[in-house]
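Chemist: here is the input, now give the coordinates:
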Amino acid sequence: MLGFSHHPSPAPAAMVHSIRSLSANIADLLLDVVFLVDRCGIIVDVSAGCERMLGYRPTELIGQHMLDFVVPDDRDATLAEGARVLAGQDRIGFENRYLHKDGHCVDIMWSARWIADQGLRLGVARDVSLRKRAERRQAATYAISEAAYQASDLAGLCGEIHGILDRLVGAPGMVVVTDPTPQHGFKVIYQRDHDERGRLPSRACLARWRATASDPDALAPAAVRHAARGRMNTWLMVELKGPAGTIGALLLRDRAGTGYSPGDRGLLHFVAAQVGLALERKRLHDDLMRSACYDELTGLPNRRLFFDRIRTAVARARRCQSRLGLLYVDVDDFKQVNDRHGHAAGDALLREVAARLVECARQSDTVARLGGDEFVLLLEDLQAPEDADLCADKIRAALAQPVPTQCAPLHIGVSIGCALFPDHADQVETLLMHADARMYARKRARKAAPDAAAPPVAEALSGRT
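Modeler: Numbers count the residues shown, from 1 in each chain. Coordinates of the predicted model:
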């Protein structure tokens with residue numbers, strides 16, 4: 001009767017010897033890589049899997065210092081871990097990064113122990129690059145989304161994204177261009193290469209991005225020759241999209257010049273979408289701030305922004321015991337322009353008045369439109385009271401020149417009221433009231449005794465002198 005014995009027979013000595021003789025072949029077949037390293041860190045032996053993992057044949061590694069293949073940023077932690085193993089501690093799960101023969105990083109998880117009687121450190125290395133890459137991609141996705149949501153400065157946002165991408169996929173060079181228009185070309189809002197030997201693409205090369213990046217689902221190459229080395233640096237670019245279509249492009253230079261994997265390209269498209277959203281959000285924010293603080297017709301500060309500035313200026317003048325001036329400017333007979341010749345002529349006149357007032361002011365002064373045909377100039381740090389009168393005379397001379405329009409040349413007449421801090425008032429409201437009252441006094445005086453050499457605006461438009 002056949003059956004199984006409860007006590008297996010000992011294996012023949014020849015069989016045990018055969019299994020042990022196969023140990024080298026077993027090590028070479030393992031997906032993990034087995035290293036033997038001496039006390040000084042020199043590689044004594046390594047299994048054949050090292051070529052699959054790091055690109056080196058065993059003969060290229062044996063006799064080399066193991067630390068030479070570790071990513072520089074990970075060397076201190078690797079030395080500390082090696083010291084623990086030499087002290088007799090078995091270590092499982094330590095992670096660091098090694099440099100592949102082609103230059104890319106390989107994430108490795110180690111199990112290691114010290115074999116005292118052999119004087120060797122036995123290490124088993126497992127390639128965990130796919131897992132680590134997925135973890136980093138997930139972390140980068142969150143970081144990019146968070147940065148794009150909170151960004152107030154586009155250049156700062158692009159710098160953060162550049163750092164994330166360089167750590168994740170190896171992108172030492174990055175350029176972001178936006179606002180492509182036939183009239184004004186494009187703006188470069190970010191450009192940097194972390195590699196000092198790298199060279200950013202020329203503006204002529206960037207100008208070709210719209211013609212090159214025609215496929216929204218693919219990265220289009222743009223080549224720039226590095227003058228010093230005579231080699232081609234390839235910049236890959238992906239379009240930035242907005243609600244109205246293409247609003248710019250994201251350009252990246254990979255570290256090895258070998259291009260990006262399909263997985264990396266998917267991440268780059270995600271990044272481009274986030275940058276495009278940030279650009280549109282910043283543009284909308286700027287438009288809202290401009291509408292809230294600046295006059296749409298003339299581009300000057302509006303009433304809201306002017307009052308903010310004059311309060312600040314008065315507080316500063318009070319603290320520094322300095323003098324400031326306020327000129328209240330009103331265009332004479334402006335209503336007749338709109339009544340006789342339409343609002344287009346009136347708008348053209350107001351824009352020209354605004355431009356000439358800006359030319360008469362210093363860079364530190366504020367020119368604002370309060371509404372209608374009323375303008376104000378805030379003059380800070382006046383050396384003498386006469387300086388405000390000199391500025392008023394300068395304004396009258398500038399506005400005395402005719403304004404060409406589609407109808408006829410316009411002769412601009414203005415009434416200007418002046419107030420000084422602290423001479424006439426020491427509060428914002430009373431300062432404005434004083435300037436306004438002086439302006440209306442001059443307007444009444446002009447109507448009582450009109451200047452024949454400067455006819456009203458309406459008469460100039462109708463051709464009468």
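
Chemist: can you pull out the helices in the stretch 201-350 of the chain?
Modeler: Per DSSP state H, counting those that start in this stretch, the stretch 201-350 of the chain carries helices over the ranges 203-206, 209-212, 262-293, 303-320, 334-341, 343-360.

Chemist: got these as JSON lines, with distance to residue 112, mean neighbour count and mean pLDDT columns?
Modeler: For glycine as for every other residue, the C-beta is placed from the backbone atoms N, C-alpha and C. Below are these laid out as JSON lines (distance: least, CB to CB, whole Å; neighbours: other CB atoms under 10 Å; pLDDT from 0 to 100):
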{"stretch": "helix 203-206", "distance to residue 112": "49", "mean neighbour count": "15", "mean pLDDT": "68"}
{"stretch": "helix 209-212", "distance to residue 112": "50", "mean neighbour count": "16", "mean pLDDT": "54"}
{"stretch": "helix 262-293", "distance to residue 112": "31", "mean neighbour count": "16", "mean pLDDT": "82"}
{"stretch": "helix 303-320", "distance to residue 112": "66", "mean neighbour count": "15", "mean pLDDT": "93"}
{"stretch": "helix 334-341", "distance to residue 112": "87", "mean neighbour count": "17", "mean pLDDT": "77"}
{"stretch": "helix 343-360", "distance to residue 112": "73", "mean neighbour count": "18", "mean pLDDT": "89"}
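
Chemist: I'd say residue 64 and residue 44 touch.
Modeler: No. The criterion here is CB atoms under 8 Å, and residue 64 misses it with residue 44 at 10.6 Å.

Chemist: hmm, back to that, now distance to residue 133 too, for the helices of the stretch 201-350 of the chain, in TSV please.
Modeler: As requested, the helices of the stretch 201-350 of the chain are arranged in TSV below (distance: least, CB to CB, whole Å):
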stretch	distance to residue 133
helix 203-206	30
helix 209-212	28
helix 262-293	8
helix 303-320	50
helix 334-341	67
helix 343-360	56
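
Chemist: contacts only, for residue 301.
Modeler: 293-295, 309, 366-369 (CB atoms under 8 Å, 6 or more residues apart in numbering).

Chemist: nearest residue to the middle of this protein?
Modeler: Residue closest to the average C-alpha location in the chain (CA atoms, centre = their mean): residue 155, at 2.0 Å.

Chemist: quick one: it and residue 187 touch, right?
Modeler: No. If you go by CB under 8 Å, residue 155 and residue 187 don't touch, sitting 11.2 Å apart.

Chemist: before we move on, back to that, wait, which of the helices of the stretch 201-350 of the chain is closest to residue 115?
Modeler: Closest to residue 115 of the helices of the stretch 201-350 of the chain is helix 262-293 (CB to CB; 39.6 Å).

Chemist: by contact count, what packs against that closest one?
Modeler: helix 129-150, helix 154-169, strand 231-242, strand 245-253, helix 303-320 (3 or more CB pairs under 8 Å, 6 or more residues apart in numbering; DSSP states H and E).

Chemist: hey, least reliable of these by pLDDT?
Modeler: Ranked by mean pLDDT, the helices and strands packed on helix 262-293 bottom out at strand 231-242, which scores a mean of 74.

Chemist: picking that back up, pick the most buried one from the helices and strands packed on helix 262-293.
Modeler: Stretch with highest mean neighbour count among the helices and strands packed on helix 262-293: strand 245-253 (a mean of 22; mean count of other CB atoms under 10 Å).

Chemist: next, the angle helix 262-293 makes with it.
Modeler: 130 degrees (axes from the mean of the first three to the mean of the last three CA atoms, to 10 degrees).

Chemist: average pLDDT for stretch 427-434, rounded please.
Modeler: For stretch 427-434, the per-residue pLDDT averages 92.

Chemist: to clarify, my last question referred to stretch 33-52.
Modeler: On average, stretch 33-52 scores 93.

Chemist: so which bits of it are buried?
Modeler: 33-37, 41, 43, 46-51 (16 or more other CB atoms under 10 Å).
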